[in-house]
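Q: structure of the sequence below:
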Amino acid sequence: MEALIVVENLYLDLGKFKLQGVSLEARKGEYLVVLGPSGAGKTLLLECIAGLRKPVGGRIIVDGVDVTGYPPEKRGLAYVPQDYALWPHMTVYNNIAYPLKCKKFSEAEIRRRVRWVTKELEISHLLHRKPGTLSGGEKQRVALARALVWNPKAILLDEPTAALDPALKSSAWKLLKKLHSKLKFTAIHVTHDLAEAATLAEKAAFMYNGVIVKQGRLDSVLATPEASIYLGDANVYRGKVIQRRGGETVVDVYGTKIVTVADAMPGEETVLMLRPEDILLLEKPAPTSARNTLKVTVEELEPRGPLMLVHVKHGDLKLKAYVTKSSSEHLKLKPGKQLYASFKAAAVKRVA
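A: Predicted coordinates:
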């Protein structure tokens, strides 16, 4: 896939806070999630890409064109702010139709597109309502419809589920995932929610103190020291349920079968978390009640006070495990050392 949005060495100076040489790339049709703590600069980055803020250095390229100096309306990007920014005096129909009217679409084409997008988001029954009468989840769907209706080059989503009740977030993630799977739009989505990132990200980036620390597959992004400071050392994976048997669920994670007691149905996608303290590293397999035992290779060792954080790999699956320093010495741990990682099915928690 070719790059659709490229951010090159971007600088923004707001006095007390700066974006410091940010580089980022979203390929055509890709769902990129930028994860990081509040105050990391995620919203400022989106506003620069959207054209709402002017950087003091660097470039923003959209579909091969340098748009750094372009106004927002000339960039071909849809921006969904955290508060959705719906016009309170307009009906849902007119809110969704607004970008089409600005772009001089015919009335017949406006009606056709609004019918199409509201059917996709299951909000056709809301067209004559005003935003003040809508729930948080309904407002989010209207904002997404307004972004999608004119077929932009990409959609920029700023914490799109932050205003939703916890019970609604999971359904909102499923909606975004379904829409992206069907419509194949390019998205840059910023969030501080790890489960949200793990559910949606085809590629992830971690932002910390105005800098993109790393981008790539989510597990490699989470392995950075900066991500560990914010998120801890938890192992988080997205996988697909392949079997349900006798109270246990088997999930395919990067080609490795992981057994959990989490409730999920075959074919369902799920997000799993495994704490590093729940993984036992052994020189050889031992008879235990653990339902998961994997042959692994040590990649890296990181001191964590009295503990050692051990990065290991099994095929494409990466894990982080804690051992005491004395255990590290006993096992003679070093990069390249082969071991066995063992953990119970009950230790593998479902987070989304």
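Q: and whatever helix or strand Trp173 lives in, what's buried?
A: Using DSSP states H and E, Trp173 sits within helix 166-183. Neighbour-count burial for helix 166-183, counted by 16 or more other CB atoms under 10 Å, picks out Lys169, Ser170, Ala172, Trp173, Leu175, Leu176, Leu179, His180. All C-beta atoms are positioned from the backbone trio N, CA, C, and that covers glycine.
Q: looking at those, which one is closest to Val7?
A: His180 (20.7 Å; CB to CB).
Q: beta partners of the closest residue to the closest one other than its chain neighbours?
A: Leaving aside its sequence neighbours, His180 sits nearest to Tyr31 (CB to CB, 6 or more residues apart in numbering; 5.2 Å). For Tyr31, the beta-bridge partners are Ala187 (DSSP bridges).
Q: any idea how far Leu176 is from Tyr31?
A: 8 Å (CB to CB, to the nearest Å).
Q: any common contacting residues for the two?
A: The contact sets of Tyr31 and Leu176 overlap at His189, Leu200 (CB atoms under 8 Å, 6 or more residues apart in numbering).
Q: element containing Lys313?
A: Using DSSP H and E, Lys313 falls in strand 307-314.
Q: what's the very next helix or strand once past that strand packed up against?
A: Where DSSP H and E defines the elements, the next helix or strand beyond strand 307-314 is strand 317-324. Applying 3 or more CB pairs under 8 Å, 6 or more residues apart in numbering; DSSP states H and E, we find strand 317-324 packed against helix 218-222, strand 235-245, strand 280-282, strand 292-304, strand 307-314.
Q: let's have those in a markdown table, adding distance to Val211 and mean neighbour count.
A: A markdown table is the format used below for these (distance: least, CB to CB, whole Å; neighbours: other CB atoms under 10 Å):
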| stretch | distance to Val211 | mean neighbour count |
| --- | --- | --- |
| helix 218-222 | 13 | 21 |
| strand 235-245 | 22 | 17 |
| strand 280-282 | 33 | 18 |
| strand 292-304 | 20 | 16 |
| strand 307-314 | 22 | 20 |
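Q: and of the ones you listed, who's closest to Leu200?
A: Using CB to CB, the nearest of those to Leu200 is strand 235-245, at 9.0 Å.
Q: now what about the closest one, what contacts it?
A: By CB under 8 Å, 6+ apart, strand 235-245 touches 194-195, 198-199, 201, 218-219, 222, 249-254, 257-258, 264-276, 279, 317-320, 351.
Q: strands paired with the helix or strand just after it, and their directions?
A: Elements were assigned by DSSP H and E; along the chain past strand 235-245, the next helix or strand is strand 248-253. The strands beside strand 248-253 in its sheet (DSSP bridges) come out as strand 235-245 (antiparallel), strand 256-260 (antiparallel).
Q: any idea of the angle the last one forms with strand 292-304?
A: It refers to strand 256-260. On the basis of axes from the mean of the first three to the mean of the last three CA atoms, to 10 degrees, strand 256-260 is oriented at 90 degrees to strand 292-304.
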